[in-house]
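Enquirer: Got a predicted model here, sequence first, then my questions.
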Amino acid sequence: MRLTENQRESIKSVVRSVVGEESRIWLFGSRVDDSKRGGDIDLLIETETVVSNRATVLCQLEGALVVQLGNRKIDVLLKDAHTADISIYHAARQTGVLL
């Protein structure tokens, strides 16, 4: 995994403050592969609660993550209790790493 311990802890802190303590955070994509270089940070955030305003929560997450991690490309998928479990979520769980 190509994230430092500090970066992982920053991600967890931001997600838990914005989405909630019970959230599960998956890192997936190229950052999981130690043999690759560069790449954006791909995250799947899962919560069993209902997120009433997904757009607001996604903006809060991405903004806070950029403040904590620096100006880099971060892609965030958000799956709440009302979100259908589509194939991208399955792929993220199968190939990703739970933070």
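Expert: It's in.

Enquirer: List the contacts of the most far-flung residue of the chain relative to its centre.
Expert: Among residues of the chain, the one most distant from the C-alpha centroid is Ser35; the distance is 21.1 Å, by Cα atoms, centre = their mean. Ser35 makes no contacts at all, as judged by Cβ atoms under 8 Å, 6 or more residues apart in numbering. C-betas here are computed from N, CA, C, even on glycine.

Enquirer: Next one: it, what pLDDT does it get?
Expert: Ser35 is assigned a pLDDT of 71 by the prediction.

Enquirer: does the most centrally placed residue in the chain count as helix, strand or coil?
Expert: Here the mean C-alpha position of the chain is nearest to the C-alpha of Leu43 (Cα atoms, centre = their mean), at a distance of 2.7 Å. Following DSSP: H, G, I helix; E, B strand; the rest coil, we place Leu43 in the strand state.

Enquirer: Just to check, it is in contact with Arg24?
Expert: No. Contact criterion Cβ atoms under 8 Å: Leu43 and Arg24 do not qualify, at 10.6 Å.

Enquirer: just the helices in this structure please.
Expert: 5-18, 54-69, 87-95 (DSSP state H).

Enquirer: Including mean neighbour count, mean pLDDT and distance to Arg31, could these go into a markdown table?
Expert: Shown next, in a markdown table, are the helices of the chain (neighbours: other Cβ atoms under 10 Å; pLDDT from 0 to 100; distance: least, Cβ to Cβ, whole Å):
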| stretch | mean neighbour count | mean pLDDT | distance to Arg31 |
| --- | --- | --- | --- |
| helix 5-18 | 16 | 96 | 10 |
| helix 54-69 | 15 | 95 | 12 |
| helix 87-95 | 13 | 94 | 11 |
